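Participant: Build me a model from this:
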Amino acid sequence: MSLAEFRRLYDSTFSVLFRVAYRVVGDEGAAEDLCQEAYVRLYEKNMVFPSPEEAKYWLIRVVKNAALNYAKRKDRERRAYQKAFRELNQNQETGESILLKEESRSEIQEALNRLPDNLRIVLILKEYGELNYREIGRALGISEGNVKVRVFRARERLAGFLAKDGG
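Facilitator: Residues are numbered from 1 along each chain as shown. The predicted structure follows:
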């Protein structure tokens, strides 16, 4: 293909190639780059087509495929950045969130300390010791049913203390 033929092909196809690429990628600079890359491929391969129309359709396919690949790559990058950003934000605690957690812990500890010993110990073993009712009963020498009743009562009282203090 002579330089004059290449120039005519470029002039007659650039606008359609650009519109196709732009509609797929949504970025003028990227669309222009994709079109230029298609022309470079055509020129470097020294391709010969039976007609200018065939060359146009080949260029459209090349630009369309390149644009779709570009858009997929950008979408994957965007999702990766979003994921990394979410993970970063989830792992970052603000001074306010740390303070609120400390205040909550402090309020819960104060309310827990106000419970009678027999209710406080079953709740501590259940919630913090992560023991089941049978294990708590064995540790305290009481029945499993008695443990369930005490845990229920302890939770009710604790909720009452927290509601009064918080309200």
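
Participant: Let me know the helix or strand that W58 is in.
Facilitator: If you go by DSSP states H and E, W58 is part of helix 52-91.

Participant: Which other helices and strands does the helix or strand of the chain with the lowest mean pLDDT contact?
Facilitator: Using mean pLDDT, DSSP states H and E, the weakest-scoring helix or strand in the chain turns out to be helix 95-114, at a mean of 78. Secondary-structure packing of helix 95-114 (3 or more C-beta pairs under 8 Å, 6 or more residues apart in numbering; DSSP states H and E): helix 117-123, helix 144-166. From N, CA and C alone the C-beta is placed, and that goes for glycine too.

Participant: Buried deepest among those helices, which one?
Facilitator: Burial of those is given as mean neighbour count (mean count of other C-beta atoms under 10 Å); helix 117-123 ranks first at a mean of 18.

Participant: neighbouring contacts of that one?
Facilitator: Helix 117-123 has contacts (C-beta atoms under 8 Å, 6 or more residues apart in numbering) with 112-113, 115, 136, 140, 147, 150-151, 153-155, 157-158.

Participant: Over it, what's the mean pLDDT, rounded is fine.
Facilitator: Mean pLDDT, helix 117-123: 89.

Participant: immediately after it, which helix or strand?
Facilitator: That would be, after helix 117-123 and using DSSP H and E, helix 133-140.

Participant: can you pull the buried residues of that following helix?
Facilitator: The neighbour-count check on helix 133-140 (16 or more other C-beta atoms under 10 Å) flags Y133, I136, G137 as buried.

Participant: Same question for stretch 16-24.
Facilitator: Those would be L17, F18, V20, A21, Y22, V24, for stretch 16-24 by 16+ other C-beta under 10 Å.

Participant: could you dump that stretch to PDB, C-alpha only?
Facilitator: Written as PDB, here are the backbone C-alpha positions of stretch 16-24 (Å, rounded to 0.1, in the frame of the first residue of the first chain):
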ATOM      1  CA  VAL A  16     -15.900   6.200  12.000                       C
ATOM      2  CA  LEU A  17     -13.100   4.300  13.900                       C
ATOM      3  CA  PHE A  18     -12.900   7.100  16.400                       C
ATOM      4  CA  ARG A  19     -16.700   7.100  17.000                       C
ATOM      5  CA  VAL A  20     -16.700   3.300  17.500                       C
ATOM      6  CA  ALA A  21     -13.700   3.400  19.900                       C
ATOM      7  CA  TYR A  22     -15.100   6.400  21.800                       C
ATOM      8  CA  ARG A  23     -18.500   4.800  22.300                       C
ATOM      9  CA  VAL A  24     -16.900   1.700  23.800                       C
END
